[in-house]
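Visitor: Output the structure for:
(one chain, ligands or ions: 1)
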Amino acid sequence: MGVKIIGYGFYVPNNVITNHDMEKWMDTSEEWIVERTGIKERHFVTVGEEGTSDLAVKAAKKALEKANISASDLDMIIAATLSPDYEIPGIGVLIQSKLEGCSLIPAYDIRQQCSGFVYGLELAATFIKSGKYKNVLLVGAEIQSVGLNISTNGRDLAVLFGDGAGAFVLTNSQDDSDIIDSVLHSEGQYYKALWKEYPSIYVRDRIRQEDIVFGRHYPAMNGRFVFKHASTRMPEVVMELLNKTGIDLEDIAQIIPHQANLRITNMIANRLGLSSDKIFSNIEKYGNTTAASIPIAFCEALEEKRFKRGDYIITVSFGSGFTWGANLIKF
Ligand code: COA
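Guide: Alright, predicted model coming up:
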């Protein structure tokens, strides 16, 4: 059984936040942000107006329209996010409810942070290849902005992230497959290199006053350590996937990496010996949208004609956990 990508779409909130806006809120500069990350602007929700599931539904509707099927045709939802609307339940069920016409299908939430979409694609493809499910909606959605420390104390992370969502509709096929293979990894010993400690199950009520006072409810990162691992693991897993599948790097029309940092993307290109036109970047417009970055980049790369139907592409990601992986797609 093969797996086809029949729909794709993305959505970002209207509110554009420039680096100059960041300069008003913290001790930073346009120059520092662009030089260290490549980011010029990102999109933030207006607090309280949209939830992560709303972004997900807007992206999903575009993907369904492209696929020319309706929500009632879906057999499963897989939603990747680290920023669900609520702690309980996840956003999978909220998407099922908000996508009018959806029947009582299973709805998964997965939690692989920046690697969520790459992990989700392997999961969706495996479910479809098993023959049990036909049409699967895979969504990566994220609202990072409301959970960041937007001040000088949190500036290392605050300038990096943006909000958005991207979705694929996948279906079965008796002929060839778009999803050829995937390689996934994790290395949990480094979970504290990029994490958010509170709310945590280790304290009564999951958070104490002092945790809020000391800002332990904000994400924290060892930036250089993450940078080093991301820029090593992503090219490594691309080569592992190529070796596994017997495809040559020259046959890949486009590498679509998770948009973490332009310097990381450039290092992947250097390490693989690729010219910059073979690896896609749109981080300057959106920042790091975590689980949404790959489907957003996929849609824009396609729009820019970086690849076309019939081409091989690779999506590759690295994120908190650590988790990383890559998918080989013959689109
Ligand atoms: N504006 C201005 N200065 C900032 C800043 C900001 N937004 N954030 C940090 N700085 C300062 C630091 O305080 C430090 O100052 P100091 O030298 O006086 O102590 C200086 O800039 C250098 O900080 P450093 O952390 O060493 O910078 P860096 O070159 O490693 O760049 C990151 C920082 C975060 C851009 C970089 O480490 C990175 O991109 N890491 C990976 C992040 C990532 O991709 N995470 C998600 C993975 S999925």
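
Visitor: Is any residue of stretch 64-84 near the ligand?
Guide: No - judged by CB under 6 Å from any ligand atom, stretch 64-84 stays clear of the ligand, getting no closer than 10.6 Å. Any C-beta I mention is one placed from the backbone N, CA and C, and that applies to glycine too.

Visitor: If you count neighbours, what's buried in that stretch?
Guide: Buried residues in stretch 64-84, counted by 16 or more other CB atoms under 10 Å: 64, 66-67, 69, 71, 73-84.

Visitor: So which of these sit within helices?
Guide: Using DSSP state H, the subset of those located in helices is 64, 66-67.

Visitor: Just give me the closest of those to the ligand.
Guide: Checking those against the ligand by CB to the nearest ligand atom gives residue 66 as the nearest, at 27.5 Å.

Visitor: ok, the closest one - contacts?
Guide: By CB atoms under 8 Å, 6 or more residues apart in numbering, the contact list for residue 66 reads 6-9, 169.

Visitor: Tell me the one among these nearest to the ligand.
Guide: Of all the contacts of residue 66, the ligand sits closest to residue 8, with 21.9 Å by CB to the nearest ligand atom.

Visitor: so what strands line up beside the one helix or strand that closest one maps to?
Guide: Assigned by DSSP states H and E, residue 8 belongs to strand 2-11. Sheet pairing here is set by DSSP bridges, and for strand 2-11 it gives strand 164-173 (antiparallel).

Visitor: Would you mind listing the buried residues in the strand it pairs with?
Guide: By 16+ other CB under 10 Å, the buried positions in strand 164-173 come out as 164-172.

Visitor: Just the CA coordinates for that strand, please, in PDB.
Guide: Only the C-alpha atoms of strand 164-173 are listed here, as PDB (Å, rounded to 0.1, in the frame of the first residue of the first chain):
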ATOM      1  CA  GLY A 164       1.600  29.100  12.900                       C
ATOM      2  CA  ALA A 165       0.200  25.900  11.600                       C
ATOM      3  CA  GLY A 166       0.600  23.600   8.600                       C
ATOM      4  CA  ALA A 167      -1.200  20.500   7.500                       C
ATOM      5  CA  PHE A 168      -1.100  17.500   5.100                       C
ATOM      6  CA  VAL A 169      -3.900  15.300   4.000                       C
ATOM      7  CA  LEU A 170      -2.600  11.800   3.200                       C
ATOM      8  CA  THR A 171      -4.400   8.900   1.600                       C
ATOM      9  CA  ASN A 172      -3.700   5.400   0.400                       C
ATOM     10  CA  SER A 173      -2.700   4.400  -3.100                       C
END
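
Visitor: Nice, that's everything, thank you.
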